[in-house]
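**Student:** missing the sequence, but the structure's below:
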């Protein structure tokens, strides 16, 4: 699976991932919109806007790295150097 495929065709890709991990969605979960909820909760926009990812640190308390360094813009087809 590529990031581009996940962005273009999210629902089938997430379902495929769940099956691969041995935890496929049930038909009831699919009817209830669980796949869509997972996509929304795990979206780059949602995760990057969580307070812990805006202000938190990991590693050493004094010298730890800011959590926000783990988030880029979530675009594909761009050079790393052009996406601070």
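**Tutor:** Happy to help now that I have it. This is a predicted model, so every value here is computed, not measured.
**Student:** just checking, next helix/strand downstream of the helix or strand of the chain with the lowest mean pLDDT?
**Tutor:** Ranking every helix and strand in the chain by mean pLDDT, DSSP states H and E puts strand 57-58 at the bottom, with a mean of 68. Towards the C-terminus, the helix or strand next in line after strand 57-58, according to DSSP states H and E, is strand 65-66.
**Student:** May I have the strands that pair with that following strand, each with its orientation?
**Tutor:** Paired strands of strand 65-66, with direction, are strand 57-58 (antiparallel) (DSSP bridges).
**Student:** Contacts only, for residue 63.
**Tutor:** With contact set as C-beta atoms under 8 Å, 6 or more residues apart in numbering, residue 63 has no partners. In short, each C-beta sits where N, CA and C put it, glycine included.
**Student:** where do the helices sit along this structure?
**Tutor:** Using DSSP state H, the helices of the chain run over 3-8, 10-20, 27-31, 34-41, 44-48, 51-55.
**Student:** Alright, that wraps it up for me.
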